[in-house]
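Below: sequence and its predicted model.
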Amino acid sequence: NAGVTQTPKFQVLKTGQSMTLQCAQDMNHNSMYWYRQDPGMGLRLIYYSASEGTTDKGEVPNGYNVSRLNKREFSLRLESAAPSQTSVYFCASRLAGGGTDTQYFGPGTRLTVL
Amino acid sequence: AQSVSQHNHHVILSEAASLELGCNYSYGGTVNLFWYVQYPGQHLQLLLKYFSGDPLVKGIKGFEAEFIKSKFSFNLRKPSVQWSDTAEYFCAVNARAGSYQLTFGKGTKLSVIP
(Lines give C-alpha, C1' and ligand atoms only; values in the text may rest on other atoms or scores of the structure.)
Protein backbone atom coordinates (compact mmCIF):
# COMPACT_ATOMS: atom_id res chain seq x y z
CA ASN A 1 0.00 0.00 0.00
CA ALA A 2 2.01 2.99 -1.30
CA GLY A 3 -0.61 5.66 -0.43
CA VAL A 4 -0.31 8.73 -2.68
CA THR A 5 2.56 8.76 -5.17
CA GLN A 6 3.75 11.63 -7.37
CA THR A 7 6.11 11.86 -10.31
CA PRO A 8 8.48 13.46 -10.93
CA LYS A 9 10.07 14.53 -7.63
CA PHE A 10 11.96 17.43 -9.20
CA GLN A 11 11.61 19.26 -12.49
CA VAL A 12 13.21 22.30 -14.09
CA LEU A 13 11.44 23.95 -17.02
CA LYS A 14 12.08 26.93 -19.21
CA THR A 15 9.40 29.58 -19.58
CA GLY A 16 6.84 28.45 -22.15
CA GLN A 17 7.52 24.74 -21.85
CA SER A 18 4.73 22.34 -20.92
CA MET A 19 4.65 19.38 -18.59
CA THR A 20 2.31 17.06 -16.74
CA LEU A 21 2.59 16.15 -13.08
CA GLN A 22 1.31 12.68 -12.29
CA CYS A 23 -0.47 11.54 -9.15
CA ALA A 24 -1.84 8.14 -8.21
CA GLN A 25 -3.42 6.69 -5.08
CA ASP A 26 -4.06 3.09 -4.16
CA MET A 27 -6.44 3.68 -1.25
CA ASN A 28 -9.66 3.58 -3.31
CA HIS A 29 -10.43 7.19 -2.40
CA ASN A 30 -13.06 9.05 -4.38
CA SER A 31 -11.72 12.59 -4.12
CA MET A 32 -8.34 13.89 -5.24
CA TYR A 33 -6.69 17.30 -5.03
CA TRP A 34 -3.81 19.38 -6.36
CA TYR A 35 -2.22 22.07 -4.17
CA ARG A 36 0.72 24.38 -4.54
CA GLN A 37 2.87 25.41 -1.59
CA ASP A 38 4.76 28.67 -1.59
CA PRO A 39 6.79 30.16 1.29
CA GLY A 40 4.57 32.10 3.69
CA MET A 41 1.41 31.23 1.73
CA GLY A 42 0.55 27.81 3.11
CA LEU A 43 -1.16 25.41 0.73
CA ARG A 44 -3.51 26.72 -1.90
CA LEU A 45 -5.92 24.52 -3.81
CA ILE A 46 -5.47 24.51 -7.58
CA TYR A 47 -8.07 21.95 -8.71
CA TYR A 48 -9.91 19.06 -7.19
CA SER A 49 -11.89 16.08 -8.32
CA ALA A 50 -14.74 15.14 -6.00
CA SER A 51 -15.24 11.84 -7.81
CA GLU A 52 -14.21 10.06 -10.95
CA GLY A 53 -15.37 12.02 -13.98
CA THR A 54 -15.64 15.41 -12.27
CA THR A 55 -13.18 18.25 -11.76
CA ASP A 56 -13.56 21.70 -10.23
CA LYS A 57 -11.47 24.81 -9.84
CA GLY A 58 -9.95 25.70 -6.53
CA GLU A 59 -8.45 28.95 -5.32
CA VAL A 60 -5.65 29.35 -7.91
CA PRO A 61 -6.55 27.47 -11.14
CA ASN A 62 -5.18 29.91 -13.74
CA GLY A 63 -2.43 28.42 -15.91
CA TYR A 64 -3.30 24.82 -15.03
CA ASN A 65 -5.47 22.03 -16.35
CA VAL A 66 -6.31 18.67 -14.79
CA SER A 67 -7.46 15.25 -15.88
CA ARG A 68 -9.05 12.61 -13.69
CA LEU A 69 -7.93 9.67 -15.76
CA ASN A 70 -9.62 7.04 -13.60
CA LYS A 71 -10.34 6.57 -9.92
CA ARG A 72 -6.64 6.14 -9.10
CA GLU A 73 -5.01 8.86 -11.17
CA PHE A 74 -5.26 12.66 -11.25
CA SER A 75 -2.82 14.64 -13.38
CA LEU A 76 -1.96 18.34 -13.43
CA ARG A 77 -0.81 19.99 -16.64
CA LEU A 78 1.04 23.23 -17.18
CA GLU A 79 0.51 24.19 -20.82
CA SER A 80 2.95 27.12 -20.91
CA ALA A 81 5.01 27.35 -17.77
CA ALA A 82 5.75 30.73 -16.19
CA PRO A 83 8.26 31.66 -13.44
CA SER A 84 5.28 32.40 -11.13
CA GLN A 85 4.51 28.68 -11.24
CA THR A 86 7.76 27.84 -9.48
CA SER A 87 6.48 26.02 -6.41
CA VAL A 88 6.14 22.71 -4.65
CA TYR A 89 3.09 20.81 -5.84
CA PHE A 90 1.27 18.35 -3.64
CA CYS A 91 -1.37 15.86 -4.60
CA ALA A 92 -3.80 14.56 -2.01
CA SER A 93 -6.63 12.08 -1.84
CA ARG A 94 -9.54 12.03 0.54
CA LEU A 95 -11.23 9.35 2.50
CA ALA A 96 -14.69 10.54 3.46
CA GLY A 97 -17.56 9.29 5.48
CA GLY A 98 -17.96 7.52 8.79
CA GLY A 99 -16.20 10.28 10.70
CA THR A 100 -12.97 9.79 8.80
CA ASP A 101 -12.97 12.82 6.49
CA THR A 102 -9.21 13.20 6.02
CA GLN A 103 -6.88 14.13 3.18
CA TYR A 104 -3.66 12.18 2.66
CA PHE A 105 -0.76 13.83 0.88
CA GLY A 106 1.85 12.69 -1.58
CA PRO A 107 5.58 13.50 -1.29
CA GLY A 108 5.41 16.52 -3.60
CA THR A 109 7.00 17.72 -6.84
CA ARG A 110 9.43 20.60 -6.66
CA LEU A 111 9.10 22.60 -9.88
CA THR A 112 11.39 25.42 -10.97
CA VAL A 113 10.54 27.53 -14.01
CA LEU A 114 13.42 29.58 -15.37
CA ALA B 1 -15.94 31.54 2.27
CA GLN B 2 -13.99 29.94 5.06
CA SER B 3 -10.57 31.21 6.09
CA VAL B 4 -7.93 30.17 8.61
CA SER B 5 -5.52 32.40 10.53
CA GLN B 6 -2.38 31.18 12.25
CA HIS B 7 -1.06 33.85 14.52
CA ASN B 8 2.63 33.02 14.60
CA HIS B 9 4.81 32.81 11.55
CA HIS B 10 7.90 31.47 13.33
CA VAL B 11 8.23 30.19 16.88
CA ILE B 12 11.58 29.39 18.47
CA LEU B 13 11.67 27.30 21.65
CA SER B 14 14.23 25.48 23.73
CA GLU B 15 13.81 21.77 24.32
CA ALA B 16 11.37 20.94 27.15
CA ALA B 17 9.52 24.22 26.74
CA SER B 18 5.75 24.15 26.35
CA LEU B 19 4.17 24.89 23.01
CA GLU B 20 0.93 26.53 22.01
CA LEU B 21 0.22 27.45 18.38
CA GLY B 22 -2.83 29.55 17.68
CA CYS B 23 -5.41 28.86 14.97
CA ASN B 24 -8.63 30.73 14.32
CA TYR B 25 -11.11 30.09 11.55
CA SER B 26 -13.97 32.04 10.11
CA TYR B 27 -17.03 30.04 9.15
CA GLY B 28 -20.45 30.19 10.68
CA GLY B 29 -21.44 26.57 10.25
CA THR B 30 -20.22 23.22 11.51
CA VAL B 31 -16.64 22.42 10.66
CA ASN B 32 -14.05 19.68 10.71
CA LEU B 33 -10.68 20.86 12.01
CA PHE B 34 -7.20 19.50 11.38
CA TRP B 35 -3.58 20.04 12.26
CA TYR B 36 -0.98 18.81 9.79
CA VAL B 37 2.79 18.73 10.29
CA GLN B 38 5.48 18.98 7.64
CA TYR B 39 8.97 17.92 8.67
CA PRO B 40 11.83 19.44 6.66
CA GLY B 41 11.81 18.09 3.13
CA GLN B 42 8.79 15.88 3.70
CA HIS B 43 5.11 15.89 2.82
CA LEU B 44 2.24 16.82 5.10
CA GLN B 45 1.20 14.32 7.71
CA LEU B 46 -1.94 14.40 9.80
CA LEU B 47 -1.22 15.27 13.43
CA LEU B 48 -4.77 15.28 14.77
CA LYS B 49 -8.33 16.10 13.82
CA TYR B 50 -11.62 17.15 15.36
CA PHE B 51 -15.00 16.20 13.97
CA SER B 52 -17.30 16.14 16.97
CA GLY B 53 -17.52 15.12 20.63
CA ASP B 54 -14.84 15.89 23.22
CA PRO B 55 -13.33 19.27 22.24
CA LEU B 56 -9.93 18.20 23.57
CA VAL B 57 -8.35 16.06 20.90
CA LYS B 58 -5.20 14.03 21.33
CA GLY B 59 -2.95 13.29 18.39
CA ILE B 60 0.33 11.60 17.67
CA LYS B 61 3.66 12.39 19.35
CA GLY B 62 2.09 13.94 22.45
CA PHE B 63 0.26 16.75 20.67
CA GLU B 64 -3.23 17.84 21.58
CA ALA B 65 -5.63 20.55 20.44
CA GLU B 66 -8.65 22.18 21.97
CA PHE B 67 -11.67 23.27 19.98
CA ILE B 68 -13.34 26.34 21.49
CA LYS B 69 -16.45 26.97 19.43
CA SER B 70 -17.22 30.35 20.97
CA LYS B 71 -13.78 31.62 19.98
CA PHE B 72 -13.64 29.86 16.60
CA SER B 73 -10.28 28.52 17.72
CA PHE B 74 -8.41 25.23 17.50
CA ASN B 75 -5.06 25.76 19.23
CA LEU B 76 -2.33 23.14 19.18
CA ARG B 77 -0.42 22.33 22.36
CA LYS B 78 2.41 20.16 23.58
CA PRO B 79 3.66 20.24 27.18
CA SER B 80 7.34 19.61 26.38
CA VAL B 81 8.82 19.94 22.90
CA GLN B 82 11.76 18.01 21.53
CA TRP B 83 14.30 18.89 18.87
CA SER B 84 12.54 16.39 16.58
CA ASP B 85 9.40 18.57 16.67
CA THR B 86 11.15 21.11 14.47
CA ALA B 87 8.75 21.39 11.54
CA GLU B 88 6.07 23.54 9.98
CA TYR B 89 2.57 23.18 11.35
CA PHE B 90 -0.59 23.87 9.39
CA CYS B 91 -4.11 24.32 10.67
CA ALA B 92 -6.91 23.46 8.24
CA VAL B 93 -10.69 23.53 8.18
CA ASN B 94 -13.48 22.28 6.00
CA ALA B 95 -17.15 22.96 6.24
CA ARG B 96 -18.87 19.76 7.21
CA ALA B 97 -21.93 20.30 5.02
CA GLY B 98 -20.75 18.43 1.95
CA SER B 99 -17.65 20.49 1.26
CA TYR B 100 -14.81 18.79 -0.54
CA GLN B 101 -12.39 21.63 0.03
CA LEU B 102 -9.86 21.99 2.82
CA THR B 103 -8.69 25.52 3.62
CA PHE B 104 -5.23 25.84 5.13
CA GLY B 105 -3.64 28.50 7.26
CA LYS B 106 -0.30 29.91 6.15
CA GLY B 107 1.61 27.74 8.57
CA THR B 108 3.76 28.23 11.65
CA LYS B 109 7.39 27.26 11.53
CA LEU B 110 8.62 25.77 14.80
CA SER B 111 12.33 25.66 15.56
CA VAL B 112 13.37 23.76 18.69
CA ILE B 113 16.84 24.51 20.00
CA PRO B 114 18.62 21.60 21.75
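Cool, got the structure. Numbering: from 1, shown residues only, chains lettered A, B, ... in the order given.

for chain B, which spans come out with low pLDDT?
Low-confidence segments of chain B, defined by pLDDT under 70: B:96-99.

Can you pull up the residues of it that come close to chain A?
Counting by Cβ under 8 Å from any Cβ of the partner chain, chain B comes close to chain A at B:9, B:32, B:34, B:36, B:42-46, B:49, B:51-52, B:90, B:94, B:96, B:100-107. Yep, even glycine has a C-beta here, placed from its N, CA and C like the rest.

Okay, and the beta partners of the most centrally placed residue in chain A?
By Cα atoms, centre = their mean, chain A has its centre lying nearest to residue A:34, at 2.6 Å. In this entry, residue A:34 is beta-bridged to residue A:47, residue A:91, by DSSP bridges.

ok, it touching residue A:43?
No - in this structure, residue A:34 is not within contact of residue A:43 by Cβ atoms under 8 Å, at 10.2 Å.

so what sits against both of the two?
Shared contacts of residue A:34 and residue A:43, defined by Cβ atoms under 8 Å, 6 or more residues apart in numbering or on different chains, comprise residue A:90.

and stretch B:63-80, how far apart are its ends?
10 Å (Cα to Cα, to the nearest Å).

thinking again about what came up before, would you mind checking the residues of chain B next to chain A for buried ones?
Neighbour-count burial (16 or more other Cβ atoms under 10 Å in any protein chain shown) is assigned, among the residues of chain B next to chain A, to B:32, B:34, B:36, B:43-44, B:46, B:49, B:51, B:90, B:94, B:100-107.

So the residue nearest to residue A:71 when sequence neighbours are not counted: helix, strand or coil?
Using Cβ to Cβ, 6 or more residues apart in numbering or on different chains and skipping the chain neighbours, the partner closest in space to residue A:71 is residue A:52 (4.8 Å). When classified by DSSP: H, G, I helix; E, B strand; the rest coil, residue A:52 comes out as coil.
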